[in-house]
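Visitor: fold the following and give me the result.
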Amino acid sequence: TLADYFVVCNGLSDVHVKTLADLVSEKVKEETGEKPWKREGLETRRWVVLDYVNIVVHIFLEESRQHYGLEKMWSDAGITTIAD
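Guide: This next block holds a predicted model:
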């Protein structure tokens, strides 16, 4: 098992992706005291990964999310959709 949970979302621009990643990091740190074990993709801002070991947050640029289709790779997992 890679992680217990994947959070998958997308931003509308590279700046939006970076902002979402910063906000997730800040909120998790504030509420749990945890920092990501690994952070990837902040340079290109097309697909940012925040790895909290048991929970991995994927923040895509919308076109990258469609291209990689991460949800299709894990189609046997339960999906909870949260509206905007």
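Visitor: in the protein, which helix has the most residues?
Guide: Ranked by number of residues, the top helix in the chain under DSSP state H is helix 14-32.
Visitor: what are the buried residues along that helix?
Guide: Going by neighbour count (16 or more other C-beta atoms under 10 Å), the buried part of helix 14-32 is 17, 18, 20, 21, 24, 25, 28. For the C-beta atoms, the positions are set from N, CA and C on the backbone; glycine is no exception.
Visitor: from those residues, which is closest to residue 9?
Guide: Nearest to residue 9 among the buried residues of helix 14-32 is residue 20, at 6.9 Å by C-beta to C-beta.
Visitor: need the pLDDT of the closest one.
Guide: What the model reports for residue 20 is a pLDDT of 97.
Visitor: quick check: it vs residue 66, distance?
Guide: Counting by C-beta to C-beta, to the nearest Å, the gap from residue 20 to residue 66 is 17 Å.
Visitor: and for residue 24?
Guide: Distance, residue 24 to residue 66, using C-beta to C-beta: 21 Å.
Visitor: for the helix or strand of the chain with the lowest mean pLDDT, C-alpha coordinates in PDB please.
Guide: The helix or strand of the chain with the lowest confidence, counting by mean pLDDT, DSSP states H and E, is helix 70-73 at a mean of 78. Only the C-alpha atoms of helix 70-73 are listed here, as PDB (Å, rounded to 0.1, in the frame of the first residue of the first chain):
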ATOM      1  CA  LEU A  70      -4.700   9.300 -11.700                       C
ATOM      2  CA  GLU A  71      -8.200   8.500 -10.600                       C
ATOM      3  CA  LYS A  72      -8.400   5.800 -13.300                       C
ATOM      4  CA  MET A  73      -5.300   4.100 -12.000                       C
END
